[in-house]
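Participant: Next one to model:
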Amino acid sequence: MAKVVIIGGGWAGCGAAVTAAKAGADVLVLERTDMLLGTGLVGGIMRNNGRFTATEEAIALGAPELFMAVDETARHKNMEFPGHKHATLYDVAKIEPAVRRVLDKLAVHVRFLSRVKDVKMNDRTVEAVVLDSGEEIRGDVFIEATGSAGPMGNCSKYGNGCAMCILRCPTFGGRVSIAAKAGVIEIMGRKADGTVGAMSGSCKLHKESLAKEIVKELNQKGVSVIPIPAKLQKSDSLGMKACQQYALKEFAENIILLDTGHAKLMSPYYQLDKLRQVPGFENARFEDPYSGGIGNSMRYLALPPRSNALKVDGVDNLFCAGEKAGLLVGHTEAIVTGSLAGHNAVRFVKGKELLELPTNLAIGDAIAHVKEQMQTEAGLGKKYTFSGSVYFERMKKLGLYSTDVTAIQKKIEDAGLLNIFGASIQFV
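Facilitator: Residues are numbered from 1 along each chain as shown. Model prediction:
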């Protein structure tokens, strides 16, 4: 049985674990913290705009499990907020246990408090990854799904300092790039102004700290839009966001909150004394990051070159997913790249040709397009997501955006890929 070792238990790592297990592998996930999902623990937005299409493609390809967990824990479905339609908001307090149950059913092994600090190489092959304890974990193939934020030094160098976010580097140690440890020269994303990295695009507020009428609207509708007095508006923060699908005029002129259990504030940070001058926010308190009045985590600082099959260039048995797969933003983007990486990792071990998804699918086009764009200076200054900004515009222009589930399934079937992620892979 093929042994697949996945470094990182965020949405991408979990997506890879699902498809690798379904393909017939013995799967081990190494997670440096005490919970799965990483930024997914404070995220919550799914199916908005083109993410609906990508979700239904992934389901038809044979990877429905994580999306079913999202639907089971949803607080709101088919809701709208400025610039975004048919969104699902999952409950950030319930999603992680639901995902654990998915992995348990598939007999995926998860080791928490297992931070990988190094790799053991044999020429171009990863033989083992090395934990903080010195223990070596061997495998046939490895998938890096570590994300691209942290450690703390990067948030200080390229951002406003450690804002004490959900990644919890002070407690569990900083993220380590496996590809870099294997000798790969990685790429750094840039903001529109050319500076390095991008700041996480939202904060979370304690609901209990907000005015009762705001909380009532959030609970009922899933969204609350509160005008910001002109003197307190701060449009300058929009350009630094990783989530450029929210860099809209409405997000500069209003406080936009989404109900994910917490009140999700759609801004990378907001100076607390100014926030408390907005009516209804007099007692506002940040839930994540704790220092959300100062800054947020810095991302897209370590991106390995890779193929459209998500194999890392220069290392024979290393695949990548999520933010490690490029300038892709979002949970859906992480799940679908993880799904392809997990499937291809098993194909690699079993001597099968690696799968590249065709570009008449949104997922296939996004993976290929981002790879191309990352080879250009202009492309490195942008972020790509199914839910908005430049890539959603591309989806619409190419006719890739659809909410017709039957048509999406037929496209997958016509490509000969129906349930391909759901089938066991045999040795050649």
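Participant: dump the residue contacts of Asp404.
Facilitator: With C-beta atoms under 8 Å, 6 or more residues apart in numbering as the criterion, no residue contacts Asp404. Glycine gets a C-beta too; all of them are placed from N, C-alpha and C.
Participant: where does it fall, phi/psi-wise?
Facilitator: phi -90, psi 100 (degrees, to the nearest 10).
Participant: Got the domain ranges for this protein?
Facilitator: Per automatic domain parsing, the domain ranges recorded for the chain read 3-79+88-194+299-422, 199-288.
Participant: Quickly, which of the ones you listed bottoms out on average pLDDT?
Facilitator: Per-stretch mean pLDDT for those is lowest at domain 199-288 (a mean of 87).
Participant: So what would you say the end-to-end distance of that domain is?
Facilitator: 14 Å (C-alpha to C-alpha, to the nearest Å).
Participant: got the contact list for Leu318?
Facilitator: Contacts of Leu318 (C-beta under 8 Å, 6+ apart): Val126, Val141, Phe142, Ile143, Glu144, Ile178, Ala179, Ala182, Lys311, Val312.
Participant: Just the CA coordinates for stretch 279-287, please, in CSV.
Facilitator: This file holds the C-alpha atoms of stretch 279-287, laid out as CSV (Å, rounded to 0.1, in the frame of the first residue of the first chain):
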residue,chain,number,x,y,z
PRO,A,279,-22.4,53.4,16.0
GLY,A,280,-23.0,49.9,17.3
PHE,A,281,-19.3,49.1,17.8
GLU,A,282,-18.7,51.1,21.0
ASN,A,283,-17.7,47.9,22.9
ALA,A,284,-16.2,46.0,20.0
ARG,A,285,-13.6,43.4,20.8
PHE,A,286,-11.4,41.3,18.4
GLU,A,287,-11.6,37.5,18.5
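Participant: Thr359 - how many residues pack around it?
Facilitator: 16 (other C-beta atoms under 10 Å).
Participant: Now Leu265. Nearest residue, chain neighbours left out?
Facilitator: Among residues not flanking Leu265 along the chain, Cys203 sits closest, at 4.5 Å (C-beta to C-beta, 6 or more residues apart in numbering).
Participant: Looks like that neighbour contacts Asp288 (just checking).
Facilitator: Yes: counting by C-beta atoms under 8 Å, Cys203 does reach Asp288; the two are 6.5 Å apart.
Participant: Give me the more crowded residue out of these two.
Facilitator: Cys203 (28 against 25).
Participant: List the residues that contact Ala23.
Facilitator: Gly342, His343, Val346, Arg347, Phe421, Ala423, Ser424, Ile425 are the contacts of Ala23 under C-beta under 8 Å, 6+ apart.
Participant: ranges for the helices of the stretch 251-400 of the chain?
Facilitator: Using DSSP state H, counting those that start in this stretch, the helices of the stretch 251-400 of the chain run over residues 272-275, 331-349, 362-373, 377-380, 389-398.
Participant: Mind checking those for the one nearest to Glu72?
Facilitator: When the helices of the stretch 251-400 of the chain are ranked by distance to Glu72, counting by C-beta to C-beta, first place goes to helix 331-349 at 15.1 Å.
Participant: quick revisit: most tightly packed of the domains of the chain?
Facilitator: Mean neighbour count (mean count of other C-beta atoms under 10 Å) peaks for domain 3-79+88-194+299-422 among the domains of the chain, with a mean of 21.
Participant: ends of that domain, how far apart?
Facilitator: Across domain 3-79+88-194+299-422, first to last residue, C-alpha to C-alpha, it's 18 Å.
Participant: Give me the distance from that domain to the chain's centre.
Facilitator: 6 Å (C-alpha atoms, centre = their mean, to the nearest Å).
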